[in-house]
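> sequence and predicted model, in that order:
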Amino acid sequence: MAVVEVITSAILQPLFEKLASASFLKFASKKEKEIDSELKKWELRLLEIRAVLTDAEEKQITNQAVKLWLNNLRDLAYDVQDVLEEFENEAWSQTYNYKRRKSKLGKNLIPTCFSAGIDKMGWSKLEEITSRLQEIVAEKDLLDLSKWSLSRFNERLPTTSLMLEKPRVYGREKDKEALSSANNFRYVMHDLISELAQFVSGEVCFHLGDKLENSPSRAKVRHSSFTRRRYDISQRFEVFYEMKSLRTFLPLPIFSPPYNHLTSKVLHDLVPNLKRLAVLSLAGYCLVELPSSICALKHLRYLNLSYTEIEVLPESLCEVFRLQTLRLRGCKKLIKLPVGIDNLINMQNLDIGGTESLQEMPPQIGNLTNLHTLPKFIMGKGLGIRELMKLSHLQGQLNITGLHNVVDVQDTELAILKEKRGLSELSLEWIRNVNAFQSEARELQLLNLLEPHQNLQKLSIMSYGGTTFPSWLGDRSFTNMVCLQFCGCHKITSLPSLGQLPLLRDLSIKGMDRVTAVGAEFLGVGSSVKAFPSLEGLIIEDMLNWKQWSWSNGLNQEEGGEFPNLRELTIINCPMLSGKLPSCLKSVKKLSICNCPQLVALPDLPCLRELIVEGCSEAILKHMPVISSLTTLKVGSITGLVCLHRDFLQALVALQDLEIENCNDLMYLWQDGTDLHEIASMKHLEFKKSLVELEKFGDLEQLASGLQFLSSLRNLKIDHCPKLVSFPGGLPYTLQHLEISRCDSLKSIPDGMVIMMNGCKSSQCLLEELLISWCPSLKSIPRVMLPITLKSLAISWCKNLENLYGGIVYDGSDRRELSCLEHLTIEGLPLLPFPAFEFPGSLKTLEIGYCTTQSLESLCDLSHLTELEISGCSMLESFPEMGLITPNLISLSIWKCENLRSLPDHMDCLVFLKELSVYHCRSLVSFSEGGLPPNLIEFEIRYCENVTASMSDWGLHTLIFLKRLVIECTSPCKNMVSFPDDEGQLLPTSLTSLYILSLEGLKSISKGLKCLMSLEILMISDCPKLCFLPKEGFPATLGSLHIEFCPLVKKKCLRNKGYYWSVIALIPHVII
C-alpha cells in the first residue's frame, strides 16, 4: 500500500468523521470554542500536507529525506487515529457505566458530565498533535514538494487505493447525519488483514518466522503476523513487547484446526499490554478461556476465537465497544455468550456457526442493529422472536433453531424474515419429537409467518410438526432457490408443490412418514413450464409409508418432460414403495436404491452410468431393461439372487466395475453358457460376503467359467466367500490386482496364475499385486505359480500354508533376472519353514510376522531394501553373523521376538537408518557390536527388561541427529531413581521429543533435563514413585508436558496452587 493512502485513510477521513460524531461532540462540549479553534488549525495544515502527498510519494524513491518525512507523517497518522479513538472510547465507556448504574439505582439518575476527561486526559494530546503537524508542515516547505490540485488527487486516489469501503452503518440515524454533514469525504476503514499482506514498509510490518533476525528497534511496528507452530512457547513472543503501538496480531494460517497450543503468557501478559490492537486472532489454538483483561483493548475491532475450546466468554468483553467482528465458529464447547453483548453497538459480524453446545442467545441481542452476519439464532425459552425482528440487515446464512420455544405465534409477524433481502441460506429447525405435542395448526401458522424473502437460495426445514406446508413454499417467485432440504417432518401427509421452482438444483426429502403417494401435486401442475427444469440431484429417504410414485395426464398415461436435467437419484429405506419408478428419469446418470424390497422394476434409463442396488428384491435386477450405458454396478444384500441372469449381463456392454456384497443366496455368478465377450470391457470385479450357510442354500463353490474372457479386467477382489474352492478356467492375463480374503475352502490360487497361463507368454501377464489372507485351506503355492511381473505380494494368516518360497524365485542363481518383486509381506504362517536361499534382491520393503524361523540367514545382500519389519517370531534367536547387508535400510522394527538375544551386529554401518524400534524382546541382553546406527532420528525401546548394558554404554549422547526417544519398561532405566543424569551427558541435545514410560523405580526428573535445549515434547507415564520435578524448570523450548499415572507428582502440579505450578504454568500444552 502506498504511504499516501495510509495517510489519507488514517488522518483525513477518520479525523473529520470522528470529530464530527455525536459521541465525540458531546464528550468535548465544554471546550467547544477551544476545540473548534484547534480543529481549524488542523484543517489548514492537513490541506497543505495533502496537496503535496502525491509528489512526495514519487520523490521518496530517490530522496531519502522525503522518505523520512513520509514515515514521520505516517506515524503521526496512526497516532491521530489512536487519540481520537481514545476520546470516543471514553465517551462510550461513560455511557456504558451510566447505563449500568441506571439499571441498578433507578430511572432518575442524572448523567455525569462527559467534559471532565478532556481537560485531564486529552488536551495535552491535542496540543501535541498540533505541534507535530506544525513541524511536518515546516519540513514540507524545506523539501520543495510540488502541490497537486484537489481534482488531480481525487482522480488518482481510486486507482491506487487498496482499502475496502466500509459496509454501510444502519441505525443511529442522527449520528450518521452528523457524520455525513461534517465533510465530503467517503468514510473508509482499513482492511487490516489485506494491508498486512501488501504493505511494503519494513518499519510498519513484521512477520515472525522460524528465525528471528536482529533489528535495532521494532517500536514503530503496527502490523504483525507469525507462522504458528503446534506449540507456541513464550520465548517466541519476547520481541512483541517492544511493539507498543501494534495494531494487528495475526497467526498464519488464519484458519487452522484446533491442534495448536499457545503459552498462557501471551494471553495474560502480552496481549493486555498491546493496547492499540485492532485485529487479534487466536483461532485454532486450544484455548479454554479468554481473560477478563481483554477489556483493556479499547481499539479492538476484530477478534477471532474460532475453533478454540473456550466455554464461556468474560463479561468484560462487552466493554470493547469498538468491536465489529467476533468470530466463534467451530467453538464446540461454547455454552453461552456474554449477557451484556448488546452493548457492542458497532458489532457487524457475530459468527457462531458450529457452536454445538450453545443453547440460547443473550437477552437484548436485538440491540445489535448493525449486525450483518449471524449464522445461528437460538430461540431459547424466554427469548422472543422479536429480538430477531430488530436485526433487519442480516446477510448470508441464518439458522433459526428451537422454534418449538416460540410461545406467542403472533410474535412472528414481527420477525419480518420476508424483508431480510440479504439472506441467501435459511434453516428453520424444531427439536425432534417435541413437536409431537404441538398443535398442528399452530405449527402451520408459525411456518407461514416465517416466509423468507424471494432472494433466498437455500432453505432447510427440520422436524416441522405441521401436516401440510404453507402455500409460499414452492412458489415460483423464489427464482433464486437452488437447494431445498426437508428432514424429520413426520406429520406431513403430502409433498409440497416444488416443480415450478425454476433454478432448484438439489432436493432432499427425509423422514416424511405419513406420505403414502407422490403424484401430480409434487410437480406443481398447471403451468406450461416443465416440472423441475433445473433439478440435478434428488434424495428421498426414510419414507416409511410411501407406496406409489406416479402421475397421469388424464389419459392414464405418464407424462413426459419432468426432471429433464436430473443426474442423480437416491431412494433409501422406503420399504412400502412398490411397482415401478416413473418413466421420466431418462437423464439420470447415477441411481441408488437401498432397502426398497417391494420395488420390482425400473424404467428405461438410457443415460445411466452407475447403479447401486442394496437390500432389494431380486426381481429388480431380473426385470431390468437394457442399459447399454452402464459402467458401474454395485449389488448388495439382494434377497433371492442366485446368479446374474444371462440377458441382463449381455446387455451391459459398457460395464467396467462390478461389486457384489452380502448376497447370501448367490450360488454362481452367471448362468453357464453366458457369452462374457459382451462385457469384455469390465475392469474391476469385487465380491464381499457373497456366500450363504451350507445347510440352507447352495454354496458358491467355484466362480463361473468364462472369467478369463474378461479381457479388460484389471482388479478382482474376493472377500468372505467361505465355500469358494477354485477358479475354473483361470483368470484373464490382463489382471493387475488380485485380492483374496477369508475364503476358508480355497485350496489353491487360480490356475490362471501359472506362467504359461492359457497359452500366453509370461511377458504378457500384467499381474502386479497379489494379496491372500485368512485362507486356512491353502497349503502350497507351486514353484512356477507366481508370475515374474509381481511387484507386491502379501500372504497373511494362512495357517496351513507349507510352501511359498519356491513361488517367489525360481532358483538361487538367477533371482535378480527373474523377479521384479519390491514389497513382500509374510505374516501368520506357522507351518512355513524359512527358505535356505536368499530373497529377491529387488525387494524394497519386507515384513515377516508370526513365523517359526529361528534365524534370518536369507536376509543377505538386499541392497534396495529400505524398510524391514520383524514381529511375533518367538523362535528367532539371532541375526546373521555378518549383520544385515542392507546398506540402504531406512527403517527397522523388531517386535515381540521373545528369544532374540541381540540386535544385528555392525549396525554402525547402516548409515541411512533413521528409525529403529524394538518392542517386547524380553531376552534381549545387548545392543549391536559397534553401537547404534550413527544417523538415527527416532529410537524406541519398550519392554526389553533384561538389557545388561548400562545406559551410558548405549551411546545415545553420540547420536547427534536423534529427535525422538521412547524408553518404556526397559533395563537398566526402569530401576533408575533419577533420570537423566544431572550433568545431562546421557542424552543428545538434539532431542525434540522424549517419552519416559513405566519406569517403576523413578523418583525424580533431574536438572540435567534442562540441558536438552531443543526439547519440545515430554511425556511421563506410569511412574508410580515419581515425586520430584526439576526445580530449575524445564527447557524454555518445551511446548507440551504430559504426565499421567504418576499420583505423587500430580498433587504438586495442581493449577494455581501446586508446588510445581509456577514451573509448568507457561508451557503451552499441559496435561496432568
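Nice, I can see it.
> mind checking the SS state of residue 250?
Assigned with DSSP: H, G, I helix; E, B strand; the rest coil, residue 250 falls in the strand class.
> you'd agree it is up against residue 279?
Yes: counting by Cβ atoms under 8 Å, residue 250 does reach residue 279; the two are 6.3 Å apart. C-beta coordinates here come from the backbone N, C-alpha and C atoms, glycine included.
> contact partners for the residue lying closest to residue 402 once chain neighbours are set aside?
Of all residues not flanking residue 402 in the chain, residue 379 sits nearest, at 3.9 Å (Cβ to Cβ, 6 or more residues apart in numbering). For residue 379, the contact set (Cβ atoms under 8 Å, 6 or more residues apart in numbering) comprises 385, 400, 401, 402, 403, 404, 405, 406.
> quick one, which of those are buried?
The neighbour-count criterion (16 or more other Cβ atoms under 10 Å) marks 385, 400, 401, 402, 403, 404, 405, 406 among these as buried.
> so the fourth one sits against residue 376, correct?
Same thing as residue 402. No: if you go by Cβ under 8 Å, residue 402 and residue 376 don't touch, sitting 10.2 Å apart.
> coming back round to it: now, which of the buried ones among the contacts of residue 379 lie within strands?
Counted as lying in strands by DSSP state E, out of the buried ones among the contacts of residue 379, are 400, 401.
> the helices in the stretch 801-950 of the chain, which residues?
815-818 (DSSP state H, counting those that start in this stretch).
> residues touching residue 869, list them.
Contacts of residue 869 by Cβ under 8 Å, 6+ apart are 846, 847, 848, 849, 891, 892, 893, 894, 895.
> just the buried ones from those residues, in ChimeraX syntax?
Buried subset of the contacts of residue 869, written as a ChimeraX selection, criterion 16+ other Cβ under 10 Å:
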select :846,847,848,849,891,892,893,894,895
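> for residue 499, state which of the contacts of residue 869 is nearest.
residue 847 (58.7 Å; Cβ to Cβ).
> pretty sure the closest one is touching residue 828, no?
No: using Cβ under 8 Å, residue 847 is not in contact with residue 828; the gap is 11.1 Å.
> now the contacts of residue 869 in JSON lines, with distance to residue 471 and pLDDT?
As requested, the contacts of residue 869 are arranged in JSON lines below (distance: Cβ to Cβ, whole Å; pLDDT from 0 to 100):
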{"residue": "846", "distance to residue 471": "71", "pLDDT": "94"}
{"residue": "847", "distance to residue 471": "67", "pLDDT": "95"}
{"residue": "848", "distance to residue 471": "72", "pLDDT": "92"}
{"residue": "849", "distance to residue 471": "68", "pLDDT": "92"}
{"residue": "891", "distance to residue 471": "68", "pLDDT": "97"}
{"residue": "892", "distance to residue 471": "73", "pLDDT": "97"}
{"residue": "893", "distance to residue 471": "68", "pLDDT": "97"}
{"residue": "894", "distance to residue 471": "74", "pLDDT": "96"}
{"residue": "895", "distance to residue 471": "69", "pLDDT": "95"}
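> among the contacts of residue 869, name the ones in strands.
Per DSSP E, the subset of the contacts of residue 869 in strands is 846, 847, 848, 849, 891, 892, 893, 894, 895.
> which pair of those spans the longest distance?
Checking those with Cβ to Cβ, the most distant pair is 849 and 891, at 15.2 Å.
> with pLDDT and distance to residue 56 added, can I get the buried ones among the contacts of residue 379 in a markdown table?
Compiled in a markdown table, the buried ones among the contacts of residue 379 are given as follows (pLDDT from 0 to 100; distance: Cβ to Cβ, whole Å):
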| residue | pLDDT | distance to residue 56 |
| --- | --- | --- |
| 385 | 77 | 56 |
| 400 | 94 | 54 |
| 401 | 92 | 56 |
| 402 | 90 | 58 |
| 403 | 89 | 60 |
| 404 | 86 | 64 |
| 405 | 85 | 61 |
| 406 | 82 | 61 |
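> what are the buried residues along stretch 912-920?
Across stretch 912-920, burial judged by 16+ other Cβ under 10 Å covers 913, 914, 915, 916, 917, 918, 919, 920.
> which of those residues sit farthest apart?
Farthest apart among the buried residues of stretch 912-920 by Cβ to Cβ are 914 and 920. That separation is 21.9 Å.
> tell me where the stretch 301-450 of the chain has helices.
Applying DSSP H, counting those that start in this stretch to the stretch 301-450 of the chain gives helices spanning 386-390, 440-449.
> mind putting the ones you listed in a markdown table, distance to residue 59 and mean neighbour count included?
Shown next, in a markdown table, are the helices of the stretch 301-450 of the chain (distance: least, Cβ to Cβ, whole Å; neighbours: other Cβ atoms under 10 Å):
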| stretch | distance to residue 59 | mean neighbour count |
| --- | --- | --- |
| helix 386-390 | 53 | 20 |
| helix 440-449 | 65 | 18 |
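> lowest-confidence stretch among those helices?
When the helices of the stretch 301-450 of the chain are compared on average pLDDT, helix 386-390 comes out lowest at a mean of 84.
> so residue 302 sits against residue 277, correct?
No: with contacts counted by Cβ under 8 Å, residue 302 stays clear of residue 277, the gap being 9.3 Å.
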